[in-house]
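> Sequence and predicted structure below; questions after.
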Amino acid sequence: MNVVTLASRKGGAGKSTLTAHLAAHAHRSGVRCMVVDADPQGSLTLWHSLRGHGGIDGGFDLRNAAQGVDRLLAHAQIEGVEWVFIDTPPTMWVVVGEAIRAATLVVIPARPSLFDLSAVRETVATARERDKPYAVVLNAAPVKRDDKEAPVVTQARSHLDALGIPVWAGQISQRAAYSLTLADGGSASEDEPQSTAASEISRLWTAVSRSVEVVNAAQANGGDGSGPAGSKAMQTRAA
């Protein structure tokens, strides 16, 4: 079973939004998945309660992590769940540590801004302490013009690269579709499958799933998947 934990100490980085869109895309792709809402704010719980409206099938379970992450994952394993996506609060509470410890891959959303990039370090440190592969996903980035990144995105990549922090080769842009589709219990991939927003999520899902393959292959060969290959796999996935 593969576990993707979305974590960041910074509020508003996009953890809940990306968790919802990734899980919905994975489900639409035929993957049996589950979402764990470990954030007391309950944004994903609200979103999941709206699924089924407008003809959208809920399609997968959502569980609350009030009693801890490990028990939920044990039940998911027994039930044959293939992928679990964990949304975490903007803190470094015990539940965040549990979610990172249980992760196959830690995804760290960050806007290309000073405050978000500064907050990345603490989450990275936690992932490294637990020998977990991780990568930053630049979220709510300015839309590309003529297929070129905005200077602020290029600068953010350079900053993280200087710190030795792997960053996904693509970006999630600032698009209304991400919030509007969630408001009806849907997602970009389900409601607007031909949209640029859906394409960005599809590329992110491809990067995540292939990176997890690298991690699992390393573990199957006697490693732990936490080395450079695991952490940096997403950097090589074309945007």
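Done, it's in. Numbers count the residues shown, from 1 in each chain.
> where do the helices sit along this protein?
With DSSP state H, the ranges of helices along the chain come out as 15-28, 43-50, 69-78, 94-101, 114-129, 151-162, 176-183, 188-191, 196-220, 228-232.
> Which one of those helices lies nearest to Thr5?
Thr5 lies closest to helix 94-101 among the helices of the chain, at 4.4 Å (Cβ to Cβ). Every C-beta, even on glycine, is put in place using the N, C-alpha and C of the backbone.
> hmm, who's touching that closest one?
5, 7, 36, 38, 65, 68-70, 86, 88-89, 106, 123, 126-127, 130, 132 (Cβ atoms under 8 Å, 6 or more residues apart in numbering).
> Now do the buried residues in it.
95-101 (16 or more other Cβ atoms under 10 Å).
> Pick out whichever of these sits closest to Phe60.
Comparing the buried residues of helix 94-101 against Phe60 with Cβ to Cβ places Ala99 closest, at 17.9 Å.
> rewinding a little: let me know which of the helices of the chain is tucked in deepest.
Among the helices of the chain, helix 15-28 has the highest mean neighbour count (mean count of other Cβ atoms under 10 Å), at a mean of 25.
> And the average pLDDT for it is what?
Throughout helix 15-28, pLDDT has a mean value of 96.
> What is it packed up against?
Packing partners of helix 15-28 (3 or more Cβ pairs under 8 Å, 6 or more residues apart in numbering; DSSP states H and E): strand 2-6, strand 33-37, helix 43-50, strand 83-87, strand 105-110, helix 176-183, helix 188-191, helix 196-220.
> try it again with 7 Å
Judged by 3 or more Cβ pairs under 7 Å, 6 or more residues apart in numbering; DSSP states H and E, the packing partners of helix 15-28 are strand 2-6, strand 33-37, helix 43-50, strand 83-87, helix 176-183, helix 188-191, helix 196-220.
> contacts for the second one?
Contacts with strand 33-37, where a contact means Cβ atoms under 7 Å, 6 or more residues apart in numbering, come from 19, 23, 26-27, 44-45, 48, 60-65, 69, 72, 76, 81-87.
> still on that earlier bit, let me have the buried residues of helix 94-101 in CSV, extended by distance to Gly164.
Shown next, in CSV, are those (distance: Cβ to Cβ, whole Å):
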residue, distance to Gly164
Val95, 27
Val96, 22
Gly97, 22
Glu98, 26
Ala99, 23
Ile100, 18
Arg101, 22
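> Can you tell me which of these is closest to Leu138?
Distance to Leu138, by Cβ to Cβ, is smallest for Ile100 among those, at 20.0 Å.
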